[in-house]
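Enquirer: got a sequence here, can you build the structure:
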Amino acid sequence: MLPAEHRYQVLAPLLSSIRLWPEEGAWSLLQGLLAQLDEDLLRNGIVASLRRRGFGQLSVTSSSQWPWTLRFFDERGALLIELGVWLERLGLQAGERLRVLSVETLRLQHPYAAFERPRAPSQAHPGLGLARAFHCLLGDWALRLGADGVLVLPEFFHTACIFAQHYRWLDAEMEQLFEASKRDLLPLVADATALSWAFEWGLVRRRGQLWRWPNEAMLRPLGPRAELLLQQRAEAPLLECSSFELDEGFQRRWVALDG
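Expert: Numbers count the residues shown, from 1 in each chain. Coordinates of the predicted model:
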């Protein structure tokens, strides 16, 4: 089975209210972005930001397998940036299918910096402070490709908080659950990263039951068709005001991680 086909089989039972389909000709369309890559990096301030951090000459590779992935390396061959995207179709269970630029991987890391605060789950190195610049770059690419929006599946709570500035949950119930978890749990922890660890450790409960961080999609709409799709989401019943809590063992594990 091809990796892209595996993606749709895996995601189908996990996404609550949407479906994804492959986009014909996606590979050649994405490869076409390479022609303006240098200009895109300059215009969005990515090159200048990397130079301020001491990185000079960069080398860039693109993948020959799904997903279409760019990797940026410094002069010593250390990985700084990994961006994997795919072009596909998005729709509700019934209705029109929109073209979206889906983000599979976004890794922005400073391989020589030391952590000044506890690392996030799956984080090997501190970040580069380029999240906003890549948010703009992805929007530029999506519009150039004729996409209606940018799609992400936040792997962790703290990344969902970052995306939530410009993206919206495609599942209306997930939107309520996310807001409820912020309201109930963020006052109990140091920051969103700490709460990501709580989910990762299996220490979050809802109505007394273990609640794992779900695989749900967020969309950044870039036109009226995407806005309309968001308006057409199924209504979700209002959740009770307070429904999330942390297990008592969280503080002990967090202090140990914080060191």
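Enquirer: which sections of the chain are below the confidence cut-off?
Expert: 1-3, 93-95, 234-242, 259 (pLDDT under 70).
Enquirer: select the longest strand from it.
Expert: strand 79-92 (DSSP state E).
Enquirer: tell me the buried residues in that one?
Expert: Across strand 79-92, burial judged by 16 or more other Cβ atoms under 10 Å covers 80-90, 92. Where C-beta positions appear, they are placed from N, C-alpha and C, glycine not excepted.
Enquirer: now do the buried residues in stretch 29-49.
Expert: Of the residues in stretch 29-49, those buried (16+ other Cβ under 10 Å) are 29-30, 33, 40-41, 44, 46-47, 49.
Enquirer: which residues in the protein form helices?
Expert: Taking DSSP state H, the helices of the chain run over residues 3-11, 26-31, 37-43, 46-52, 131-144, 157-163, 172-185, 192-200, 224-231, 250-258.
Enquirer: residues of the first one that come out buried?
Expert: Judged by neighbour count using 16+ other Cβ under 10 Å, the buried positions of helix 3-11 are 4, 7.
Enquirer: same question, the fifth one
Expert: Applying a neighbour-count criterion of 16+ other Cβ under 10 Å, the buried positions in helix 131-144 are 133-135, 137-139, 141-142.
Enquirer: again, but for the last one
Expert: Of the residues in helix 250-258, 250, 254 count as buried by neighbour count, 16+ other Cβ under 10 Å.
Enquirer: how far out from the middle of the chain is that helix?
Expert: Distance of helix 250-258 from its chain centroid, counting by Cα atoms, centre = their mean, to the nearest Å, is 26 Å.
Enquirer: same check on the third one?
Expert: Mean C-alpha position of helix 37-43 versus that of the full chain (Cα atoms, centre = their mean) differs by 22 Å.
Enquirer: likewise the second one?
Expert: Relative to its parent chain, helix 26-31 has a centroid offset of 21 Å by Cα atoms, centre = their mean.
Enquirer: show residues contacting it.
Expert: With Cβ atoms under 8 Å, 6 or more residues apart in numbering as the test, helix 26-31 has contacts from 23, 62, 68, 85-88, 145.
Enquirer: then the first one?
Expert: If you take Cβ under 8 Å, 6+ apart as the criterion, helix 3-11 is touched by 1, 20-22, 65-67, 86, 153, 215.
Enquirer: and if we set it to 10 Å?
Expert: 1, 18-23, 26-27, 65-67, 86, 88, 102, 104, 153, 215, 217 (Cβ atoms under 10 Å, 6 or more residues apart in numbering).
Enquirer: now list the buried members of the residues you listed.
Expert: Looks like these have 18, 20, 22-23, 26-27, 66-67, 86, 88, 102, 104, 153, 217 buried, using 16+ other Cβ under 10 Å.
Enquirer: export those residues as JSON lines, with columns for distance to Leu203.
Expert: As requested, those are exported to JSON lines (distance: Cβ to Cβ, whole Å):
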{"residue": "Ile18", "distance to Leu203": "29"}
{"residue": "Leu20", "distance to Leu203": "31"}
{"residue": "Pro22", "distance to Leu203": "38"}
{"residue": "Glu23", "distance to Leu203": "39"}
{"residue": "Ala26", "distance to Leu203": "39"}
{"residue": "Trp27", "distance to Leu203": "42"}
{"residue": "Trp66", "distance to Leu203": "35"}
{"residue": "Pro67", "distance to Leu203": "32"}
{"residue": "Trp86", "distance to Leu203": "33"}
{"residue": "Glu88", "distance to Leu203": "34"}
{"residue": "Ser102", "distance to Leu203": "30"}
{"residue": "Glu104", "distance to Leu203": "28"}
{"residue": "Leu153", "distance to Leu203": "22"}
{"residue": "Ala217", "distance to Leu203": "25"}
